[in-house]
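# Kindly generate the corresponding structure for this input.
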Amino acid sequence: MARRWVAEALDDLGCGELADPVVLLVSELVSNAVQHAGTPCTVTLEVGGAVRVEVRDGSSTLPELVDASDPLAVSGRGLHLVHSLSSACGADLLPDGGKRVWFEVPAPAAATASAPPTSATA
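Residues are numbered from 1 along each chain as shown. Next comes the predicted model:
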């Protein structure tokens, strides 16, 4: 559901060409929230000078990069993908509890020139 929403929101905001990499990264962050936080999560997408996606959940445990050198491991590569495919990323604790994990990718010039920052939340 989050992947489809992000792809449609990117298209609506003039950034449809970024759908493949952004949807992949959203899938990783939402999967982490479901697997590790065990709480509901929300996805927010904002387009300004960059496309910024945030996934918020109710856990106060920040994600950690793990050793992904074992080629037979079935998990542990998601945050490495986020670090590799984004221009910036991070995680922050929220004052009211929980955390947000986010990433940014450069927005297409046409999207940044045509509209002020726009956001949507799933």
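
# Low-confidence ranges, this protein, go.
For the chain, residues meeting the criterion pLDDT under 70 lie at 67-76, 110-122.

# All the strands of it, residue numbers only.
Secondary structure of the chain by DSSP state E: the strands cover 41-47, 50-57, 88-93, 99-106, 118-121.

# okay if I get those strands as TSV plus mean neighbour count and distance to Ala7?
Where C-beta positions appear, they are placed from N, C-alpha and C, glycine not excepted. Shown next, in TSV, are the strands of the chain (neighbours: other CB atoms under 10 Å; distance: least, CB to CB, whole Å):
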stretch	mean neighbour count	distance to Ala7
strand 41-47	20	10
strand 50-57	22	12
strand 88-93	14	20
strand 99-106	20	14
strand 118-121	14	12
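
# and the longest helix along the chain, what other elements does it pack with?
Counting residues, the longest helix in the chain under DSSP state H turns out to be helix 19-32. Secondary-structure packing of helix 19-32 (3 or more CB pairs under 8 Å, 6 or more residues apart in numbering; DSSP states H and E): helix 2-12, strand 41-47, strand 50-57, helix 78-85, strand 99-106.

# ok, back up a step: is it possible to export the strands of the chain to JSON lines including distance to His80?
Putting these into JSON lines (distance: least, CB to CB, whole Å) gives the following:
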{"stretch": "strand 41-47", "distance to His80": "20"}
{"stretch": "strand 50-57", "distance to His80": "17"}
{"stretch": "strand 88-93", "distance to His80": "11"}
{"stretch": "strand 99-106", "distance to His80": "12"}
{"stretch": "strand 118-121", "distance to His80": "27"}
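
# before we move on, back to that, and the helices and strands packed on helix 19-32 as CSV, adding distance to Asp20?
Output for these, formatted as CSV (distance: least, CB to CB, whole Å):
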stretch, distance to Asp20
helix 2-12, 9
strand 41-47, 15
strand 50-57, 13
helix 78-85, 10
strand 99-106, 11
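
# All good on my end, thank you.
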